[in-house]
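Novice: Build the 3D model from these lines:
(chains A and B)
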Amino acid sequence: MTIYLNNVTLAYERHPAVHHLNATINKGDWLAIVGPNGAGKSTLLNAMAGLTTVHEGSIEGLCSDTIAYLPQQTQLDKSFPITVFELVFTGLWSKLGYTKSLGGAEHKKCTDAIAAVGLHGFENRMISTLSGGQLQRSLFARVLLQDQSVILLDEPFNAIDRKTLIDLTEVINQWHRGKRTIIMVTHDLEYVQEYCPKTLLLARECIGYGSTKNILTIDNLKRARQLSESFDENAPWCEQGAA
Amino acid sequence: MESIFLSPFADYVFMQRALIGSLAVCLGAVPVGIFMTLRRMSLTGDAMAHAILPGAAFAYLLWGLSLIGLTVGGLLAGLLVAALAGWVARSTQLHEDTSLAAFYLISLALGVLVISLEHSNVDLFHVLFGNILALDNTALWLLAGIATVSVLVMAFLYRPLVIECVDSSFLRLSGRTSLIAHYGFLFLLVINLVAGFHALGTLMAIGIMILPATAARFWAKTLDVIMITSIFISFSGCYSGLILSFYFDVPAGPAIVLSLGVVYIASLIFGHNGGFLVKHREKRHFAR
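Specialist: Here you go, the predicted model:
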């Protein structure tokens, strides 16, 4: 399904974090959202996931039961006493719900997903004992189990080593070949240039949206940096789009 | 020797009732306590316990020392404070502990005010310190009923609660579930506190929730084993508290909580999962 961002404004205390953004994301796109700190990247991703409300405009073509969302690791409580298997198993929540039991088929799905991200043999390890890379692998396994058509990744390779990055990129590649829509927020421009076909360069406003090699130009990046990060308490009301 | 430990329960019906009542409270309250410690809500329970007081006090003023009255009053006050605090936490930038603190203080002040209106407040000791040694049939049915409801609701909410604890964004994607888990948990907390205050009083009820769960963390690693261990700990705490209360003629509520306290301190020292002794004795490490 195509995703339409129609004149989207997202705001904190009515100061825009994303300002009048228009974009169309086709089914099967692999899109990177890049931009400086405070550009509104994660806010936009959260809005697509339905975690924050859209202040103005609309996001169409997304509904919560088609989305798999990979949060930043800092949002997790790593000290909670569950195993890798149990964490990955939660990816089946939308299928099993409150009461359906974990059958042989589901059990196999879990172990397969764990093996697919290179964590075979870690099933019974507590998540508190995992390294950052291993935890990220298990979160990817959970996304695998969720088996959704739209996959939102929030800084998936933050503080992740090269080996893990390459392994997990292979997982993303498989999703991409399977015509799933992938939208990732990242700071790693080199990565975007190497792997992501499309880019949205954001600095609260849209600096550029299109194929990566056309968007990640020196000029565009400079403009993105210049659009100030200032948060003006006395900013005037925005008139644009009021018409 | 055997008879010292068994005869109080064999010979006296009130001791049997006390044991059955307190074990029922444990079955409902301990799993709730485990999730509270894991969600860093250990002190929230204390706040909620205080929030229940004005409900019980109002009920006492209206109907006197009636079991049903106190229960309904306590439930209403607890659920109201929980709902308000949960709602404020979800719709403002303040965290739940802050809004809960605000509401429970209002509620507590109201409770103290109401209690002071009633001049002969000796009976209110029942609310503050419970009455485990004088449980009648209605009270036992009530405790058993609350324990049953609590265990069933907990089983139903178990998955979303675990998911919510590990990764709170995950369930918010699936809409209502996160709300159900959140308010369902507060509901469990309130009904168990009400059960607890009949048995141990508002001040001691929280002890049965938190202490076994905390002690069990020093013995068990996974959630299922923590559950079983803490239920076992809570049972043994109730049993030994009642025995102490019987032989040394001390109030049962504090005796039970103190017994649990002893288990907690012992676990802190001897527990093989992060207890002091293990930590400092085992200097060797694995090859890889």
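Novice: Helices along the chain, start to end?
Specialist: In the absence of a named chain, this looks at chain A. Taking DSSP state H to define them, one finds helices in chain A at A:41-49, A:84-89, A:93-96, A:104-116, A:132-146, A:162-177, A:189-195, A:212-215, A:218-226.
Novice: wrong one, chain B
Specialist: With DSSP H, the ranges of helices along chain B come out as B:2-11, B:13-38, B:42-63, B:67-91, B:96-117, B:125-129, B:137-166, B:168-173, B:176-199, B:202-216, B:223-248, B:252-270, B:276-281.
Novice: Hmm, A:Ile3 and A:Leu62 touching each other?
Specialist: Yes - counting by C-beta atoms under 8 Å, A:Leu62 does reach A:Ile3; the two are 5.6 Å apart. Where you see a C-beta, it was placed from the backbone N, CA and C, and this is true even at glycine.
Novice: who touches both of the two?
Specialist: Shared contacts of A:Leu62 and A:Ile3, defined by C-beta atoms under 8 Å, 6 or more residues apart in numbering or on different chains, comprise A:48, A:150.
Novice: what comes up buried for stretch B:222-236?
Specialist: Within stretch B:222-236, the residues that count as buried by 16 or more other C-beta atoms under 10 Å in any protein chain shown are B:223, B:226-227, B:229-235.
Novice: now, among those, which is nearest to chain A?
Specialist: B:Leu223 (5.2 Å; C-beta to the nearest C-beta).
Novice: tally of neighbours for the closest residue to that closest one other than its chain neighbours?
Specialist: Distances taken as C-beta to C-beta, 6 or more residues apart in numbering or on different chains put A:Pro81 closest to B:Leu223, at 5.2 Å, once the chain neighbours are dropped. For A:Pro81, the count of nearby residues is 22 (other C-beta atoms under 10 Å in any protein chain shown).
Novice: re the thing from before, possible to save the helices of chain A as JSON lines with distance to chain B?
Specialist: Output for the helices of chain A, formatted as JSON lines (distance: least, C-beta to the nearest C-beta, whole Å):
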{"stretch": "helix A:41-49", "distance to chain B": "6"}
{"stretch": "helix A:84-89", "distance to chain B": "7"}
{"stretch": "helix A:93-96", "distance to chain B": "6"}
{"stretch": "helix A:104-116", "distance to chain B": "13"}
{"stretch": "helix A:132-146", "distance to chain B": "9"}
{"stretch": "helix A:162-177", "distance to chain B": "18"}
{"stretch": "helix A:189-195", "distance to chain B": "23"}
{"stretch": "helix A:212-215", "distance to chain B": "28"}
{"stretch": "helix A:218-226", "distance to chain B": "27"}
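Novice: any chance of those helices in a markdown table, plus mean pLDDT and mean neighbour count?
Specialist: Formatted as a markdown table, these follow (pLDDT from 0 to 100; neighbours: other C-beta atoms under 10 Å in any protein chain shown):
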| stretch | mean pLDDT | mean neighbour count |
| --- | --- | --- |
| helix A:41-49 | 91 | 23 |
| helix A:84-89 | 94 | 24 |
| helix A:93-96 | 87 | 16 |
| helix A:104-116 | 93 | 16 |
| helix A:132-146 | 94 | 22 |
| helix A:162-177 | 94 | 15 |
| helix A:189-195 | 93 | 15 |
| helix A:212-215 | 92 | 16 |
| helix A:218-226 | 86 | 13 |
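Novice: where are the low-confidence patches of chain B?
Specialist: Counting by pLDDT under 70, chain B contains low-confidence residues at B:1-2, B:118-128, B:282.
Novice: what residues does it put near chain A?
Specialist: Neighbours of chain A within chain B, by C-beta under 8 Å from any C-beta of the partner chain: B:38, B:156-157, B:159-160, B:162-163, B:165-175, B:221-223, B:226.
Novice: Could you turn the buried ones of those into a PyMOL selection?
Specialist: Buried members of the residues of chain B next to chain A, defined by 16+ other C-beta under 10 Å, are picked up in PyMOL with:
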select buried, chain B and resi 38+157+159+160+162+163+165+166+167+168+169+170+171+172+173+174+223+226
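Novice: if I look at B:Ile231, how far off is B:Ser42?
Specialist: Using C-beta to C-beta, to the nearest Å, B:Ile231 is found at 18 Å from B:Ser42.
Novice: State the distance from the nearest residue to A:Glu123 once chain neighbours are set aside to B:Val190.
Specialist: Using C-beta to C-beta, 6+ apart and skipping residues adjacent in sequence, the residue nearest A:Glu123 is A:Phe85, 4.3 Å away. A:Phe85 is 33 Å from B:Val190, where distance means C-beta to C-beta.
Novice: for B:Leu84, same thing?
Specialist: 12 Å.
Novice: what about these two, which has more around it?
Specialist: A side-by-side neighbour count of B:Leu84 and B:Val190, using other C-beta under 10 Å, places B:Val190 first with 26 against 17.
Novice: do you know how far the closest residue to the more buried one other than its chain neighbours is from A:Lys213?
Specialist: Nearest non-adjacent residue to B:Val190, counting by C-beta to C-beta, 6+ apart: B:Gly78, 3.6 Å away. Distance check for B:Gly78 against A:Lys213: by C-beta to C-beta, it reads 61 Å.
Novice: center of chain A - which residue?
Specialist: Centroid-nearest residue in chain A: A:Leu153, 2.1 Å away (criterion: C-alpha atoms, centre = their mean).
Novice: Wait, that residue touches A:Gln72, no?
Specialist: No - A:Leu153 is not in contact with A:Gln72 according to C-beta under 8 Å; the separation is 9.8 Å.
Novice: Output the helices of chain B as CSV; include the columns distance to A:Lys179.
Specialist: Shown next, in CSV, are the helices of chain B (distance: least, C-beta to C-beta, whole Å):
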stretch, distance to A:Lys179
helix B:2-11, 68
helix B:13-38, 40
helix B:42-63, 46
helix B:67-91, 37
helix B:96-117, 41
helix B:125-129, 64
helix B:137-166, 28
helix B:168-173, 22
helix B:176-199, 28
helix B:202-216, 47
helix B:223-248, 38
helix B:252-270, 54
helix B:276-281, 52
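Novice: Out of the ones you listed, flag the one nearest A:Leu45.
Specialist: helix B:168-173 (10.8 Å; C-beta to C-beta).
Novice: what helices or strands is that closest one leaning on?
Specialist: strand A:67-70, helix B:137-166, helix B:176-199 (3 or more C-beta pairs under 8 Å, 6 or more residues apart in numbering or on different chains; DSSP states H and E).
Novice: could you give the angle of the second one to helix B:13-38?
Specialist: On the basis of axes from the mean of the first three to the mean of the last three C-alpha atoms, to 10 degrees, helix B:137-166 is oriented at 10 degrees to helix B:13-38.
Novice: What are the neighbouring residues in contact with the residue nearest to the centre of chain A?
Specialist: A:Leu153 makes contact with A:70, A:172, A:182-185, according to C-beta under 8 Å, 6+ apart.
Novice: repeat that with 7 Å
Specialist: Shown in contact with A:Leu153 (C-beta atoms under 7 Å, 6 or more residues apart in numbering or on different chains): A:70, A:182, A:184.
Novice: just checking, the second one touches A:Gln174?
Specialist: No - taking C-beta atoms under 7 Å as the definition, A:Ile182 is not a contact partner of A:Gln174, at 10.6 Å.
Novice: what about A:Val117, distance to A:His55?
Specialist: Counting by C-beta to C-beta, the gap between A:Val117 and A:His55 amounts to 37 Å.
Novice: So which of these two has more stuff around it?
Specialist: When A:Val117 and A:His55 are compared for neighbours, A:Val117 comes out ahead with 24 against 16, by other C-beta under 10 Å.
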